[in-house]
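A.B. asks: Generate a structure from the sequence data that follows.
(2 chains)
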Amino acid sequence: MSEAITQRLESTARQIRQHIIAMTHAANSGHPGGSLSAADMVTALFFKEMRIDPQNPRWTERDRFVLSKGHAAPVLYAALAERGFFPVEELKGLRQTGHFLQGHPDMKKVPGVDMSTGSLGQGLSAAIGMALGLRLDGKDARVWAILGDGELQEGQVWEAAMAAAHYKLDKLAIFVDINGLQIDGPVEEVMSSFPVLEKFQAFGWNTIEIDGHSMPAILDAIEVAKATTGRPTCVIARTIKGKGVSFMENQVGWHGTAPNAEQAATALKELQ
Amino acid sequence: MSKIATRDAYGRALARLGAEKADVVVLDADLAKSTKTIDFAKVYPERFFDMGIAEQNLMGTAAGLAAIGKIPFASTFAMFATGRAFEQIRNSIAYPKLNVKIAATHAGITVGEDGASHQTVEDIALMRVLPNMTVLAPADGPETEGAIRWAAEHTGPVYIRLGRLAVPVINEENYVFTPGKAVTLRQGKDVTIIATGLMVSVALEAAEALAAEGIGAEVLNIHTIKPIDAEAILASTARTGCVVTAEEHSVIGGLGSAVAEVLVEGQPVPMERVGLKDTFGESGKPAELLKKYGLTAEAVVAAARRSMERKR
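C.D. replies: Okay, here's the model as predicted:
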């Protein structure tokens, strides 16, 4: 991958992180921690990989994206706005009564959102349905999903993991955002979902582990997923919750808390 | 009178639909022989997905297929469809208004010997409360075929309640299913009997018995529980002045509750509800269970008398 492309994507990811801070601050509500941890993966998908058309959000040939960890809506909204699905100014309407940017992704209200999510553990199943449907239609579009490591505690995820491998869905790939934290504390202490890679491997998936904040590693992982046939790919992405904002990094408290004015100013400065 | 289980009519309807609509796909949870989706699977194996014993993923996968433009029929026993996967239906299907048809068989106590764990007497209540969800409970084979065909044409989530037990065919083979419209099967001026599902034929029996005593019972078949035909209910009760509801479901939250809501907001009249009285079922032969839990023509007749006595 050329250095120029990597640098452009890293710069976009910084911009998206700034939006995450600004919009959650404006809403005085929302989930900055898990949005920041997923920002690099979302950027790689929306600004490099996925075939999508902001002018035609329902284009039938498009690649699909499911944010299974739906509380990270700010990162998805920021990417969609930057990508041109709606004006960037709308981001400050997040979570406001009457505004289309719901607290969790709503496919009926937000252009570019392919699946409504928010209740954890349900996104992968929808992604499977999409992959099956696209295959039936003979389309070569791909389905991407991002799951959280806390989310893996939901049994439905493993029902879905079984089905995706059983139906050999090689156009489906997921990133598991392993930031290690959930609301009540470290995932390992609350209810360990680890080891994740071995579990998906045992279910029959192609697995690969990367640093989820390394743009070259993310882009390589995408290529691995695309080159894999006969089974879905699970990218285990090691990340840092709150990545990019010093006082948010690895802090349990920043799961569902918005920064105040002072914190937002500091964070935005760090993300320049 | 010939008999057929609504699940059998479902399997037949699915196979026909498969030929007409290439977008129809069917999902099951290891119960294809029981739900009769096997009739579709045999002819269109590439459009049939057995999801295994995993109802939550079944519903989510159906949602994803609908998001691509497919018309998925997601089938399993009513208990597991509505109970186990309730929140998946709510958040992945009803909330995004995805075009999923939940065809749930083995509803009610007439699943019989399997007992309370498999007898759903609360599914209508669970589905009725969901915004965007249409709730159908066909009374016989022809009505089931009509309901399935309509569901495939309609855009949006539909719940179709089906049974395991063979029930009398009360409608003609060329019956036309009209969603949201009550069917007046019999006219009368003394009492209105409103029934759904297999209780429709029981209500007709009760009306016969009442007629023998000179009591005119009007019988309405409510195959669409949501949206309910408030107009027909109010028009009938305005003539008769009292009502009985009959359903193979808890009296809490189902047809009885839906009719009560209509009457209270429209024109209240004395009302009696035939259904399960806040109880789980138990193992046994369907006919014996129907008797034990008061879902018989005699019980409907008794309720009609009580309702009439309460008229001012």
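
A.B. asks: per-residue pLDDT, the residue of the stretch 151-272 of chain A found nearest chain B?
C.D. replies: Residue nearest to chain B within the stretch 151-272 of chain A (Cβ to the nearest Cβ): A:Glu159, separated by 3.7 Å. All C-beta atoms are positioned from the backbone trio N, CA, C, and that covers glycine. What the model reports for A:Glu159 is a pLDDT of 98.

A.B. asks: Buried ones in the strand or helix carrying it, by neighbour count?
C.D. replies: Taking DSSP states H and E as the definition, one finds A:Glu159 inside helix A:155-166. Neighbour counts over helix A:155-166 (16 or more other Cβ atoms under 10 Å in any protein chain shown) mark A:156-166 as buried.

A.B. asks: just how off-centre is that helix within its chain?
C.D. replies: How far helix A:155-166 lies from its chain's middle: 19 Å, per Cα atoms, centre = their mean, to the nearest Å.

A.B. asks: got it, and stretch B:196-208?
C.D. replies: In this view, stretch B:196-208 has its centroid 14 Å away from the chain centroid, taken as Cα atoms, centre = their mean.

A.B. asks: Alpha carbons of it, in PDB - could you do that?
C.D. replies: Extracted C-alpha coordinates of stretch B:196-208, given in PDB (Å, rounded to 0.1, in the frame of the first residue of the first chain):
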ATOM      1  CA  THR B 196     -60.000 -16.400  15.900                       C
ATOM      2  CA  GLY B 197     -58.000 -19.400  14.700                       C
ATOM      3  CA  LEU B 198     -59.400 -22.800  15.500                       C
ATOM      4  CA  MET B 199     -62.000 -21.300  17.800                       C
ATOM      5  CA  VAL B 200     -63.900 -20.000  14.800                       C
ATOM      6  CA  SER B 201     -65.300 -23.400  14.000                       C
ATOM      7  CA  VAL B 202     -66.000 -23.900  17.700                       C
ATOM      8  CA  ALA B 203     -67.900 -20.600  17.700                       C
ATOM      9  CA  LEU B 204     -70.000 -21.800  14.700                       C
ATOM     10  CA  GLU B 205     -70.900 -24.900  16.600                       C
ATOM     11  CA  ALA B 206     -71.900 -22.800  19.600                       C
ATOM     12  CA  ALA B 207     -74.000 -20.600  17.400                       C
ATOM     13  CA  GLU B 208     -75.800 -23.700  16.100                       C
END
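
A.B. asks: Show me where the stretch 1-150 of chain B has its helices.
C.D. replies: B:6-20, B:32-35, B:38-43, B:55-68, B:78, B:86-88, B:123-128, B:141-153 (DSSP state H, counting those that start in this stretch).

A.B. asks: circling back to that earlier point, please name the residues that touch the residue of the stretch 151-272 of chain A closest to chain B.
C.D. replies: Contacts of A:Glu159 were listed using Cβ atoms under 8 Å, 6 or more residues apart in numbering or on different chains, and they are A:125, B:51-52, B:54, B:56-57.

A.B. asks: Let's verify A:Val66: helix, strand, or coil?
C.D. replies: Using DSSP: H, G, I helix; E, B strand; the rest coil, the structure places A:Val66 in strand.

A.B. asks: partner residues bridging it?
C.D. replies: With DSSP bridges as the criterion, A:Val66 is bridged to A:Ala145.

A.B. asks: what's around it, how many residues?
C.D. replies: Applying the criterion other Cβ atoms under 10 Å in any protein chain shown, we find 32 residues in the vicinity of A:Val66.

A.B. asks: could you redo the helices of the stretch 1-150 of chain B as TSV and give each row distance to chain A, mean neighbour count and mean pLDDT?
C.D. replies: Output for those, formatted as TSV (distance: least, Cβ to the nearest Cβ, whole Å; neighbours: other Cβ atoms under 10 Å in any protein chain shown; pLDDT from 0 to 100):
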stretch	distance to chain A	mean neighbour count	mean pLDDT
helix B:6-20	13	22	97
helix B:32-35	16	20	97
helix B:38-43	14	19	98
helix B:55-68	2	30	98
helix B:78	20	32	98
helix B:86-88	6	20	98
helix B:123-128	16	25	98
helix B:141-153	16	23	98
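
A.B. asks: Adding distance to A:Thr117, write those helices out as JSON lines.
C.D. replies: Shown next, in JSON lines, are those (distance: least, Cβ to Cβ, whole Å):
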{"stretch": "helix B:6-20", "distance to A:Thr117": "30"}
{"stretch": "helix B:32-35", "distance to A:Thr117": "28"}
{"stretch": "helix B:38-43", "distance to A:Thr117": "30"}
{"stretch": "helix B:55-68", "distance to A:Thr117": "10"}
{"stretch": "helix B:78", "distance to A:Thr117": "26"}
{"stretch": "helix B:86-88", "distance to A:Thr117": "12"}
{"stretch": "helix B:123-128", "distance to A:Thr117": "22"}
{"stretch": "helix B:141-153", "distance to A:Thr117": "26"}
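
A.B. asks: Would you tell me which of those gets closest to A:Glu89?
C.D. replies: helix B:55-68 (28.5 Å; Cβ to Cβ).

A.B. asks: buried ones in stretch B:216-234?
C.D. replies: Neighbour counts over stretch B:216-234 (16+ other Cβ under 10 Å) mark B:217-226, B:228-230, B:232-234 as buried.

A.B. asks: with the buried residues of helix A:155-166 in mind, which one is nearest to B:Arg273?
C.D. replies: Looking across the buried residues of helix A:155-166 and measuring by Cβ to Cβ, the closest to B:Arg273 is A:Gln156, at 36.1 Å.

A.B. asks: just the buried residues of stretch B:216-234 now: which is nearest A:Asp184?
C.D. replies: Among these, and counting by Cβ to Cβ, the member closest to A:Asp184 is B:Lys226, at 38.5 Å.

A.B. asks: one step back: between which two of the contacts of A:Glu159 is the distance greatest?
C.D. replies: Pairwise over the contacts of A:Glu159, using Cβ to Cβ, the maximum falls at A:Ser125 and B:Gly52, 12.5 Å.

A.B. asks: which one of these two has more residues nearby?
C.D. replies: Set side by side, A:Ser125 and B:Gly52 show more neighbours around A:Ser125, with 32 against 15, by other Cβ under 10 Å.

A.B. asks: Next secondary structure element downstream of the helix holding A:Glu159?
C.D. replies: Next along from helix A:155-166, by DSSP H and E: strand A:172-178.

A.B. asks: and that next one, what other elements does it pack with?
C.D. replies: Using 3 or more Cβ pairs under 8 Å, 6 or more residues apart in numbering or on different chains; DSSP states H and E as the contact test, the elements touching strand A:172-178 are helix A:32-44, helix A:123-136, strand A:143-148, helix A:196-202, helix A:215-227, strand A:233-238.

A.B. asks: Partner strands of it and their direction?
C.D. replies: Going by DSSP bridges, the partners of strand A:172-178 are strand A:143-148 (parallel), strand A:233-238 (parallel).

A.B. asks: Neighbouring strands - and their directions - for the helix or strand just after that strand?
C.D. replies: For strand A:172-178, the following helix or strand on the C-terminal side (DSSP H and E) is strand A:181-182. If you go by DSSP bridges, strand A:181-182 pairs up with strand A:185-186 (antiparallel).

A.B. asks: who are the neighbours in contact with the residue nearest the centre of chain B?
C.D. replies: Nearest to the mean C-alpha position of chain B, by Cα atoms, centre = their mean, lies B:Ala137 at 1.9 Å. By Cβ under 8 Å, 6+ apart, the residues touching B:Ala137 are B:107, B:124, B:160-161, B:196-197, B:222-223, B:225, B:247, B:255.
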